[in-house]
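Chemist: need a 3D model of the sequence below.
(2 chains)
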Amino acid sequence: MRTLKFLLQKEFRQIFRDPAILRLIFIMPIIQLMVLPWAADYEIKGIKLAVVDQDHSEYSRQLVNKITSSGYFKLTEYTSSWDASLAEVEHDRADIVLQIPPHFEKNLVKEDKASLFMAMNAINGVKANIGGAYLGMILRDYNREIRTEWIQFPRFSPEKQIEVVSSNWYNPHMNYKFFMVPGILVILLTMVGTNLTAINIVKEKEIGTIEQINVTPVKKYQFILGKLIPFWIIGLFVLSLGFIIARLVYGIIPVGSFLTIYIFAALYLLAVLGLGLLVSTYSTNQQQSMLISFFMMMIFILLGGLYTSIDSMPEWAKWITRFNPVSYFIEVMRMVVLKGSSLADIKYHLLIMTGFAIGLNGWAVVNYRKRS
Amino acid sequence: MPAVVVNNIVKTYGKKKETTALHGISFETAPGELFGLIGPDGAGKTSLFRILTTLLLADSGTASVNGLEVVKDYKAIRRKVGYMPGRFSLYPDLSVEENLNFFATIFNTSIEENYDLIRDIYVQIEPFKKRRAGKLSGGMKQKLALSCALIHRPDVLFLDEPTTGVDAVSRKEFWEMLKGLKAQGISILVSTPYMDEAALCDRVALLQNGKILSVNTPAGIVDDFAWPLLAVKATSMLPLLHHIEKFEGAVNAYPFGEFHHVVMKPGSTAVQLQQFLEHKGHAGLIVKEAKPGIEDCFIAYMKN
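Modeler: The predicted model follows:
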């Protein structure tokens, strides 16, 4: 016990003496939480639209007005020449071209039908897709408006109108920040758990102090606990800091209880600390451990359901996410923060995470040797 | 009971065991002895140290420290030995005092308990005890490392090249400290690439390419040197060496400081060599008898 206490004291001394690490522990979560949720927004706004208006009628003007007032589009070009608008696309000044052909109004009124032409710059696939969908929605809406305007029987509307109104549960305003902030917190915790631990142990290997420790009677479990406990505490501290920021900046207050989150986080940290330990036993210098951690973080983030929904991934990718501890914590975070899930709701997650913690730590302990 | 027993230790590195660091070496050191492992870089000194301090497993052979077997009783050995690796490996971000305190604690002791053992060494760095270990000068680091290796009063002290890269004055001081520790009854195994330090040990083992050339007292090694040795000097040294090599009465010749040392065949005399070289037209020629040193012995062993 006395030995462990001294190992911990030494570890905390070293952490607090390293200004770079200390700054990283404090500033990293603040910056990530302040900046990323604002940037990571799935709603696409400011799509650059070029309108080729060859009709110049009342209706065409109304249509353009409706599109620009939706807020999604920015009218960058209003011309009557197709070539001019194409040049805009080529110079990347327009994402979508909407062509209103001559006699648009006349055809619409006389023949009850008219066509429009849309062209999307598909170099940015997401933007083209979503922009096209938005524009299509606005056009449909516009179409309906005209129809209702023409029909003069307000009571017995011959045209059946089914309007679908959707309501977003657990996040009624579809505020993406509510969705992103818990996820980013998970990533932060993972980075503290894996990278810091791995680098810390590998640093001892690099400067040779690990050999000096290995010739002492310090036991394997004492040394490992001495390394894990400080980062476990720091991880929980970062989580708390993250929740304070989430509260102050975004007004996010978990619907569920903090206790549930902290119980899961404590377990989760054990698992990622074990992962960090495992990385350190396989690397001999800091570059190696950095590269391994970086590689894993990329997979963790992209296959963890932070940015893209796991449900929309192909079957094989879904399998990978099942081996990704991050995906479980992100899910739990969102369940508890947005939906108010209780411990009973996340019992399978808890079980799986216990498996991760035991598996990763066990593997690391077996692989950590005091002699070669 | 011998302090260290090494019995036919073999150590190889690499997947196919293609590099052999130690070719089945054996020796013993007596308790309280200052034993030197003398050999150039790559002789296998560090591998041997790491095996004896239970950091590395040998491929075959046995070794024991204070009667404790390195493979079986490794836990007991770790409590009994002090190890100072060749590279400074203390925490650079902890202060002198904190480092010492840390190592005392993990050995379940305290600085006060064994202060008398390290006092002579520690007083020299005590004025800087609040300074971070990484900011100390080379000689100071050495003293701190020695203090840390001693803080638990080990029975056997392993020092791996403690004087490499240390200035001449600090080296001398360091050997004085070792003598002091020996007087306190600690067995010491020290390695060094410097031949001149061999004379400061009680006994030495000459190590080359993982093989032991000789184990003896420094005086004994010198006495074993059976051939007459000459020191030769002239104005142009390089042609001189080439000419000596052509002399039939010489076994071996090599540069040695400002002279060339020439190992002579029994029966050949200095006068014969002098005449031979004068005949080759060397000016400023000095040929004199030389006392063989450890280095001469080492070179002679390597040659055989």
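
Chemist: which parts of chain A are strands?
Modeler: A:47-53, A:73-79, A:96-100, A:117-120 (DSSP state E).

Chemist: for the stretch 101-250 of chain B, same thing?
Modeler: B:156-159, B:187-192, B:203-208, B:211-216, B:229-233, B:250-256 (DSSP state E, counting those that start in this stretch).

Chemist: what sits against the residue of chain B found nearest chain A?
Modeler: Scanning chain B for the residue nearest chain A gives B:Ser89, at 3.1 Å (criterion: CB to the nearest CB). No exception for glycine: its C-beta is placed from N, CA and C like everyone else's. The contact partners of B:Ser89, taken as CB atoms under 8 Å, 6 or more residues apart in numbering or on different chains, are A:Ile207, A:Gly208, A:Thr209, A:Glu211, A:Gln212, B:Ala145.

Chemist: how far away is the fourth one from B:Ser89?
Modeler: Right, A:Glu211. Distance, A:Glu211 to B:Ser89, by CB to CB, to the nearest Å: 6 Å.

Chemist: and for the first one?
Modeler: The gap separating A:Ile207 from B:Ser89 is 6 Å, by CB to CB.

Chemist: domain-wise, how is the chain divided?
Modeler: Let's take chain A. With domains defined by automatic domain parsing, chain A comprises A:2-40+A:175-367, A:47-150.

Chemist: meant chain B, my bad for not saying
Modeler: Per automatic domain parsing, the domain ranges recorded for chain B read B:4-221, B:225-303.

Chemist: not counting sequence-adjacent ones, nearest residue to B:Thr54?
Modeler: B:Tyr74 (4.0 Å; CB to CB, 6 or more residues apart in numbering or on different chains).

Chemist: so how far is A:Val64 from the closest residue to A:Phe117 other than its chain neighbours?
Modeler: Using CB to CB, 6+ apart and skipping residues adjacent in sequence, the residue nearest A:Phe117 is A:Gln99, 3.9 Å away. Distance of A:Gln99 to A:Val64, computed by CB to CB: 12 Å.

Chemist: same deal with A:Trp150?
Modeler: Distance from A:Trp150 to A:Val64, by CB to CB: 20 Å.

Chemist: repeat for A:Leu248
Modeler: Here A:Leu248 is placed at a distance of 42 Å from A:Val64 (CB to CB).

Chemist: who has more neighbours, these two?
Modeler: Between A:Leu248 and A:Val64, A:Val64 has the larger neighbour count (other CB atoms under 10 Å in any protein chain shown), namely 18 against 9.

Chemist: quick check, the more buried one in contact with A:Asp53.
Modeler: Yes - here A:Val64 reaches A:Asp53: they are 6.9 Å apart, a contact under CB atoms under 8 Å.

Chemist: run a quick neighbour tally on A:Glu331.
Modeler: 20.

Chemist: host element of the residue nearest to B:Glu69 when sequence neighbours are not counted?
Modeler: Closest residue in space to B:Glu69, ignoring its immediate chain neighbours: B:Thr62 at 6.9 Å, by CB to CB, 6+ apart. Taking DSSP states H and E as the criterion, B:Thr62 maps to strand B:60-65.

Chemist: list the helices and strands that strand packs on?
Modeler: Secondary-structure packing of strand B:60-65 (3 or more CB pairs under 8 Å, 6 or more residues apart in numbering or on different chains; DSSP states H and E): strand B:4-13, strand B:19-29, helix B:45-52.

Chemist: looking at these, which is buried most?
Modeler: Neighbour counts (mean count of other CB atoms under 10 Å in any protein chain shown) averaged over each of the helices and strands packed on strand B:60-65 peak at helix B:45-52, with a mean of 24.

Chemist: so for that one, mean pLDDT?
Modeler: Average pLDDT, helix B:45-52: 92.

Chemist: which outside residues touch that helix?
Modeler: B:4, B:6, B:9, B:11, B:21-22, B:25, B:37, B:39, B:56-58, B:63, B:65, B:70, B:81, B:83, B:85-86, B:158, B:160-161, B:189, B:191, B:207, B:210.

Chemist: confidence score at residue 147?
Modeler: Using chain A here. 80.

Chemist: oops, I was thinking of chain B
Modeler: If you check B:Ser147, the pLDDT there is 93.

Chemist: nearest to chain B: which residue in the stretch 51-200 of chain A?
Modeler: For the stretch 51-200 of chain A, CB to the nearest CB, closest residue to chain B: A:Asn200, 11.8 Å.

Chemist: got the contact list for that residue?
Modeler: By CB under 8 Å, 6+ apart, the neighbours of A:Asn200 are A:Glu11, A:Lys227, A:Phe231, A:Ser280.

Chemist: so what sits against both of A:Gln99 and A:Val64?
Modeler: Common neighbours of A:Gln99 and A:Val64 (CB under 8 Å, 6+ apart) are A:Val51.

Chemist: near chain B, which residues of the stretch 51-200 of chain A?
Modeler: Contacts of the stretch 51-200 of chain A with chain B, taken as CB under 8 Å from any CB of the partner chain, are absent.

Chemist: who's in contact with B:Val287?
Modeler: B:Leu230, B:Ala231, B:Val232, B:Ala270, B:Leu273, B:Gln274, B:Leu277.

Chemist: save those as a markdown table, and put in neighbour count and distance to chain A too.
Modeler: Formatted as a markdown table, those follow (neighbours: other CB atoms under 10 Å in any protein chain shown; distance: CB to the nearest CB, whole Å):
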| residue | neighbour count | distance to chain A |
| --- | --- | --- |
| B:Leu230 | 23 | 45 |
| B:Ala231 | 18 | 42 |
| B:Val232 | 26 | 45 |
| B:Ala270 | 17 | 51 |
| B:Leu273 | 22 | 50 |
| B:Gln274 | 17 | 53 |
| B:Leu277 | 18 | 51 |
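
Chemist: right, and out of these, which lies closest to A:Gly183?
Modeler: Nearest to A:Gly183 among the contacts of B:Val287, counting by CB to CB, is B:Ala231 at 79.7 Å.
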